[in-house]
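Asker: predicted model, plus sequence, below.
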Amino acid sequence: MKLAPTLPAVRKIRYIIFLKDVLILALTTFGGPQVHLAMFLDRLVTKRRYFTEEELMELTALCQLLPGPTSTQTITALGYKIGGPNLAYVTLLVWCLPAVLIMTAAAIGFSYVEAHNGSLAFMRFVQPMAVGFLVVAGYRIGRKVIHNQTGLVLALLAALAAYVFRSPFMTPVAIAIGGLTTSFAYRKHEKMTHQPMNVHWANFLLWFGVLVVAAVVGALSQSLPVRLFENFYRNGSLVFGGGQVLTPILYNEFVAFKHYLSREEFLSGLGLVQAVPGPVFSFASYIGALAMRNEGLNGQLLGSLVATVGIFLPGTFLIFFVYRFWGQLKRYRPVRASLEGINAVSTGLTAASAIVLFEPMAPHWPFVAVVAGTILLLEFTKLPPYLLILGGLGLGVVL
């Protein structure tokens, strides 16, 4: 006589199936948060019925309000909803690992080629393609989030400020001003009845504590791995709107300000990450590895590790913190109103980054043609981004 499986055994089997689905998504989901959301809906809602569509969309809305990688926070929150914090952390690892490994290997490969006097000329068409991707991303984000004159003005001012003052400190200031500006227009949002806030502060204190300790230890020790961790942790705590918005922040800090990698290396990685499944924030792993190339292979692996943990950890802490009282928080109109300004400023930052990266290419008509061709193909065809990048790599090898 067969015994029915116990409840813990059933849960374990369910968790394993869920993680297998997450791995499939990590290996097959290309593009930004919008594409990721469509894939989440198809596999996790329509096929598996882990959640309802309303539950998934509400979690996505919550993650859009928070700094950090939107799709990564969403799938982590889904893991939390099914199995609590432990399953959430494993979900985060499974979702990120394939892209992180690919981008780390690319950075190590690029640095090896350069160290042996090799050429990265085969990447030369991928670099202008990356600018094309950034232009289209900025345009699509702006089309979705800018709905009035205030949003347009905030986007233009943010773009101008980011172009003129190319400092990593410009980003948090611009985002804060944008969110504060539109929060005062909260009256146009629907009024909801408030409920008592039941806030558990542990994860917030953990997020803030790590930020402060990393900054202090990095300043005192001048250790490059610690400073890299602090840099990425701070950026992961400030970026709203996904990987495309992260690009100008990383460029300002690690290329223009600290010179950890060249503009060409940055663009090569930016183009390559478009052809990699999973989170676009895995671009941080590539930058971290190149930032520590002088320390050898072990240094590059360490650089990738601290950058990866730094960029993904703050968003995880914050989603764990806010998820528990999201039902009450979303009822406050200023919170919902502030998102308009944050998104508008993020669009302006993306536009400024595209201009800065395009400037050196402007005198060279082949690069201008590649940028224009990439924009047209993305807007008027259904070719997936990874096929475009593979085509650019092939063209670079042939020519």
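Answerer: Arrived safely. What you are looking at is a predicted structure, and each value in this text was computed from that prediction instead of being measured.

Asker: got a list of what Ala26 touches?
Answerer: 94-99, 277-278 (CB atoms under 8 Å, 6 or more residues apart in numbering). Quick note: C-beta positions are derived from backbone N, CA and C, even for glycine.

Asker: give me that answer again for 10 Å
Answerer: Residues in contact with Ala26 (CB atoms under 10 Å, 6 or more residues apart in numbering) are 75, 91, 93-99, 277-279.

Asker: please parse the protein into its domains.
Answerer: 7-89, 96-398 (automatic domain parsing).

Asker: out of the contacts of Ala26, which are buried?
Answerer: Buried by 16 or more other CB atoms under 10 Å: 75, 91, 94-96, 98-99, 277-279, out of the contacts of Ala26.

Asker: so what's Pro172 up against?
Answerer: With contacts defined as CB under 10 Å, 6+ apart, Pro172 is in contact with 67, 234-235, 237-239, 249.

Asker: meant to ask about Val345, not that
Answerer: Here Val345 is in contact with 145, 151, 154-155, 157-159, 161-162, 171, 173-179, 181-182, 240-241, 245 (criterion: CB under 10 Å, 6+ apart).

Asker: mind checking which of those residues are in helices?
Answerer: Within these, residues falling in helices by DSSP state H are 145, 151, 154-155, 157-159, 161-162, 171, 173-179, 181-182, 245.

Asker: now the domains of the chain in JSON lines, with mean pLDDT?
Answerer: As requested, those are arranged in JSON lines below (pLDDT from 0 to 100):
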{"stretch": "domain 7-89", "mean pLDDT": "80"}
{"stretch": "domain 96-398", "mean pLDDT": "83"}
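
Asker: buried deepest among those, which one?
Answerer: domain 96-398 (a mean of 19; mean count of other CB atoms under 10 Å).

Asker: what is the end-to-end distance of that one?
Answerer: 33 Å (CA to CA, to the nearest Å).

Asker: what's the offset of it from the middle of its chain?
Answerer: 6 Å (CA atoms, centre = their mean, to the nearest Å).

Asker: cool, stretch 94-114 as well?
Answerer: 16 Å.

Asker: wait, His364 touches Phe125, no?
Answerer: No - counting by CB atoms under 10 Å, His364 does not reach Phe125; the two are 11.7 Å apart.

Asker: any shared contact partners between those two?
Answerer: In contact with both His364 and Phe125: Val370, using CB under 10 Å, 6+ apart.

Asker: mind checking how far the closest residue to Thr52 other than its chain neighbours is from Leu59?
Answerer: Residue nearest to Thr52 in three dimensions, not counting chain neighbours: Val45, with 6.9 Å by CB to CB, 6 or more residues apart in numbering. Noted for Val45: a distance of 11 Å to Leu59, by CB to CB, to the nearest Å.

Asker: identify the contacts common to those two.
Answerer: Listed as contacting both Val45 and Leu59 by CB under 10 Å, 6+ apart are 51, 78.

Asker: tell me which element Phe317 is part of?
Answerer: Using DSSP states H and E, Phe317 maps to helix 296-323.

Asker: quick one: list the elements packing against that helix.
Answerer: helix 53-65, helix 70-115, helix 202-221, helix 224-236, helix 243-250, helix 283-291, helix 326-329 (3 or more CB pairs under 10 Å, 6 or more residues apart in numbering; DSSP states H and E).

Asker: how about a cut-off of 8 Å?
Answerer: Here helix 296-323 touches helix 53-65, helix 70-115, helix 202-221, helix 224-236, helix 283-291, going by 3 or more CB pairs under 8 Å, 6 or more residues apart in numbering; DSSP states H and E.

Asker: hey, what's the angle from the last one to helix 224-236? Just curious.
Answerer: Helix 283-291 and helix 224-236 are oriented at 150 degrees to each other (axes from the mean of the first three to the mean of the last three CA atoms, to 10 degrees).

Asker: show me what helix 283-291 is in contact with.
Answerer: Contacts of helix 283-291 (CB under 8 Å, 6+ apart): 99-100, 103-104, 106-108, 110-111, 224, 228, 232, 236, 243, 246-247, 250, 254, 260-261, 265-266, 269-270, 272-273, 300-301, 303-308, 310-311.

Asker: same thing but 6 Å
Answerer: 100, 103-104, 107, 228, 232, 254, 260-261, 269, 273, 300, 303-304, 307-308, 311 (CB atoms under 6 Å, 6 or more residues apart in numbering).

Asker: and the residue lying closest to Leu157 once chain neighbours are set aside, what is it in contact with?
Answerer: Leaving out its chain neighbours, the residue that sits closest to Leu157 by CB to CB, 6+ apart is Gly348, at 6.9 Å. Shown in contact with Gly348 (CB under 6 Å, 6+ apart): 155, 158-159.
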